[in-house]
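Trainee: pasting a predicted model and its sequence here:
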Amino acid sequence: MKKPLPHSTDTVSAAGASDAVAATWEIPLVVTLEFSAPSRLQSPSLTIAPVATPTVMTSEPKPAAETKLEVGSAVAAKFDCESLAAVRFDWQAALSFALASELSYRSAPEAVAQAAAWGLSGCEFFDYEETQCLLAETPDVLLVAFRGTESFGDWLADLNVRSVRRPYGTLHRGFYQAFQDVAEPLTASLTQRTAAAARPLAITGHSLGGALATVAAAEYQWQFSIANIYTFGQPRVGKGTFERRFSDFGLPFYRFVNDDDVVTRVPPGFSHVGRLVRLNGKGEASFAEALSGDFESEPEPLTNEEFDLLRSQLLAQRAHDSSHDEYLHALDAHIEGLFPSFRDHKLNNYIRKIARQANRQDDSSRFRTREATSSDR
């Protein structure tokens, strides 16, 4: 039986770290220490409430779809509206698109508020069936950011290899149908906005959102002008002639793969489109490589046998763990090492590495500017 700690009303001064507090307990055989954070800082002192009467949280936890990813404020402040219109590859544009992809994971009110803080206007959030996307404006482009899935273990476990034929090639049926869930209202809003002020689309997404961005680009390339597409950790979307026909569109498409991200290697039998930008384990992909297009080779897709084994492992882990949090924690521990990395798939890891490259590009630009200014003197 746990024995409560003695009732304490000790007061710790908030004025400096030099004040000491001592407490003495008589310990029989087993001691259980329970710590609870105080609710607020009082001035001038912080009073420690008795542990024997813990505070009970009464608010319900947020559902998974409204749980935002944690991006540091210093990185989030690097968002640049003007970079979204860049046609040539640009690390600052990549960072802005990655941050926009992160924004699509947030709840609608939070996404709209952050978009406005970044200088985006006309923000609209679409949520139909299991497909969500964010639409916002700059003076130069219409930004479309598709949400991925926060439960990518569940999503991969249920992923199939069925396909559907379109005029431009064969697509994964699940990705195409997911886009169709939101296509009608999204297309109507885009049509209205482009009629009011003609601007091209800038399309982005992470994970499943990247696949939806690819499908959207293929579906819209006859209907709207497309400035660029940036995707992060997306799965393979097409098969057969799709890759060749999509490349004939001539769209500026930059597809990021973080090291050994397993999601980029599924489903088997399908292929990627767009220009590969692969970040290694250290997050390195030099600006010179970016300009020349000389990146690392494409990761090989999983074989059918590897894919079946992966899905069986995911299904077994999902059945074993009762809660979503337990499932995700066990998933990382159980799958890591058996297959390419799940940790590499997390959007925060993409953002962190791309932000590092964007800072280097910015430093390089400032150096060239100083060098040119010095030579003119």
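Mentor: Looks like it came in fine.
Trainee: pLDDT-wise, which helix or strand of the protein ranks last?
Mentor: Considering only helices and strands, the least confidently modelled element of the chain by mean pLDDT, DSSP states H and E is strand 45-47, at a mean of 30.
Trainee: buried sites along the next helix or strand after that one?
Mentor: The helix or strand immediately downstream of strand 45-47 is helix 73-76, counting by DSSP states H and E. If you call a residue buried by 16 or more other CB atoms under 10 Å, then helix 73-76 has these buried ones: 75-76. All C-beta atoms are positioned from the backbone trio N, CA, C, and that covers glycine.
Trainee: is it fair to say residue 219 lies in a strand?
Mentor: No - with DSSP: H, G, I helix; E, B strand; the rest coil as the criterion, residue 219 is helix rather than part of a strand.
Trainee: can you get me a residue count around it?
Mentor: The burial metric for residue 219, expressed as a neighbour count using other CB atoms under 10 Å, is 19.
Trainee: that one contacts residue 182, doesn't it?
Mentor: No - here residue 219 lies out of contact with residue 182, judged by CB atoms under 8 Å, at a distance of 11.4 Å.
Trainee: distance of residue 346 from residue 258?
Mentor: Residue 346 sits at a distance of 8 Å from residue 258 (criterion: CB to CB, to the nearest Å).
Trainee: I should have written residue 110 there, sorry.
Mentor: Between residue 110 and residue 258 the computed distance is 25 Å (CB to CB).
Trainee: repeat for residue 172
Mentor: For residue 172, the distance to residue 258 - CB to CB - is 21 Å.
Trainee: tell me the secondary structure for residue 106?
Mentor: Residue 106 - assigned by three-state DSSP - is coil.
Trainee: that one reaches residue 114, doesn't it?
Mentor: Yes - if you go by CB under 8 Å, residue 106 and residue 114 touch, sitting 7.0 Å apart.
Trainee: got a pLDDT number for residue 343?
Mentor: On pLDDT, residue 343 comes in at 84.
Trainee: quick one on the thing from earlier: residue 346 and residue 258: which has the busier surroundings?
Mentor: Regarding residue 346 and residue 258, a neighbour count based on other CB under 10 Å identifies residue 258 as having more, with 26 against 19.
Trainee: partner residues bridging the more buried one?
Mentor: Using DSSP bridges, the beta-bridge partners of residue 258 come out as residue 279.
Trainee: contacts only, for it.
Mentor: Taking CB atoms under 8 Å, 6 or more residues apart in numbering as the criterion, residue 258 is in contact with 232-233, 278-279, 344-345, 349-350, 353.
Trainee: 7 Å instead?
Mentor: Taking CB atoms under 7 Å, 6 or more residues apart in numbering as the criterion, residue 258 is in contact with 233, 279, 344, 349-350, 353.
Trainee: tell me which of those fall in helices.
Mentor: Within the contacts of residue 258, membership in helices is found for 349-350, 353, as judged by DSSP state H.
Trainee: closest to residue 244 among those residues?
Mentor: Using CB to CB, residue 350 is the member of the ones in helices among the contacts of residue 258 that sits closest to residue 244, with 27.7 Å.
Trainee: isn't the closest one up against residue 98?
Mentor: Yes - the pair residue 350 / residue 98 is scored as a contact, 5.7 Å apart, by CB atoms under 7 Å.
Trainee: what do those two both touch?
Mentor: Taking CB under 7 Å, 6+ apart as the contact definition, residue 350 and residue 98 share the neighbouring residues residue 232.
Trainee: quick one, which of those two is more surrounded?
Mentor: Of the pair residue 350 and residue 98, residue 98 is the one with more neighbours under other CB under 10 Å, namely 29 against 25.
Trainee: let's verify the more buried one: helix, strand, or coil?
Mentor: Looking at residue 98 with three-state DSSP, the answer is helix.
Trainee: make a markdown table out of the ones in helices among the contacts of residue 258 and add pLDDT and distance to residue 224.
Mentor: What follows is those, written out as a markdown table (pLDDT from 0 to 100; distance: CB to CB, whole Å):
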| residue | pLDDT | distance to residue 224 |
| --- | --- | --- |
| 349 | 92 | 32 |
| 350 | 95 | 26 |
| 353 | 93 | 31 |
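Trainee: give me the low-pLDDT residue ranges for the stretch 101-250 of the chain?
Mentor: Within the stretch 101-250 of the chain, the set of residues satisfying pLDDT under 70 comprises 150, 152-153.
Trainee: ranges for the strands of it?
Mentor: Under the criterion DSSP state E, counting those that start in this stretch, the stretch 101-250 of the chain carries strands at the ranges 121-128, 131-137, 142-146, 163-166, 169-172, 201-206, 226-232, 238-239.
Trainee: residue 164 and residue 174 touch, don't they?
Mentor: No - using CB under 7 Å, residue 164 and residue 174 do not qualify as a contacting pair, with a distance of 9.2 Å.
Trainee: quick one: which of the two has more around it?
Mentor: Neighbours per residue, other CB under 10 Å: of residue 164 and residue 174, the larger number sits with residue 174, 20 against 13.
Trainee: tell me the contacts of the more buried one?
Mentor: Counting by CB under 7 Å, 6+ apart, residue 174 makes contact with 159-160.
Trainee: over to residue 229?
Mentor: Contact criterion CB under 7 Å, 6+ apart gives 203-204, 213, 217, 251, 253, 274 as the residues in contact with residue 229.
Trainee: also residue 145?
Mentor: 100-101, 103-104, 133-134, 204-205.
Trainee: doesn't residue 298 belong to a strand?
Mentor: No - assignment of residue 298 by three-state DSSP gives coil, placing it outside any strand.
Trainee: nearest spatial neighbour of it, chain-adjacent residues omitted?
Mentor: Take residue 298 and drop its neighbours on the chain: the residue closest to it by CB to CB, 6 or more residues apart in numbering is residue 276, 5.8 Å away.
Trainee: residue 297 is in contact with that neighbour, correct?
Mentor: No - judged on CB under 7 Å, residue 276 makes no contact with residue 297 at a distance of 8.2 Å.
Trainee: so which of the two has more stuff around it?
Mentor: Counting neighbours by other CB under 10 Å for residue 276 and for residue 297 shows that residue 276 has the greater number, 17 against 7.
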